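Asks: Sharing a model prediction with you, sequence too.
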Amino acid sequence: MNLSSAVLVETGNASGYLQRLCKHFGHKLEVEFTPETGSIAFEFGRAALEAGPDGLTMTALAGNEEDLARLRGVLASHLERFAFREGLKVDWR
């Protein structure tokens, strides 16, 4: 996996969203997490998550541009859905 993209999503609920994402995907995928860090292994890439004082950092890692875009979309759509009360938007740039 030679391509990566990262984004910091500013929120006071970073740890909660990290754990929710990991638990959600953990039903079907290999997932490891603590309240501060998480890793999700998708068929088309891997996500690394880190909860910090400024928010949730999500890093997408994939082998090609198409898979990277797909992974970024999956992570963004799920986080935005889970954080609908905050109205969070993920901007990968």
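Replies: Everything's here; your move. Residues are numbered from 1 along each chain as shown.

Asks: alpha carbons only for contacts and neighbour counts from here, please
Replies: Noted.

Asks: in the helix ranked longest in the chain, what's buried?
Replies: The longest helix of the chain (DSSP state H) is helix 65-82. Neighbour counts over helix 65-82 (16 or more other Cα atoms under 10 Å) mark 67-68, 71-72, 75-76, 78-80, 82 as buried.

Asks: before we move on, what about stretch 13-25?
Replies: 13-15, 17-19, 21-23.

Asks: As CSV, these with distance to residue 60 would be great.
Replies: Formatted as CSV, those follow (distance: Cα to Cα, whole Å):
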residue, distance to residue 60
13, 20
14, 17
15, 18
17, 16
18, 14
19, 17
21, 14
22, 14
23, 18
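
Asks: between these, which is nearest residue 43?
Replies: Nearest to residue 43 among the buried residues of stretch 13-25: residue 22, at 15.3 Å, using Cα to Cα.

Asks: so what's the closest one closest to, chain neighbours aside?
Replies: residue 31 (6.2 Å; Cα to Cα, 6 or more residues apart in numbering).

Asks: is it true that that neighbour touches residue 21?
Replies: No. Between residue 31 and residue 21 there is no contact, the gap being 9.7 Å when judged by Cα atoms under 8 Å.

Asks: now, among the buried residues of helix 65-82, which is nearest to residue 88?
Replies: For these, the nearest to residue 88 is residue 80 (5.6 Å; Cα to Cα).
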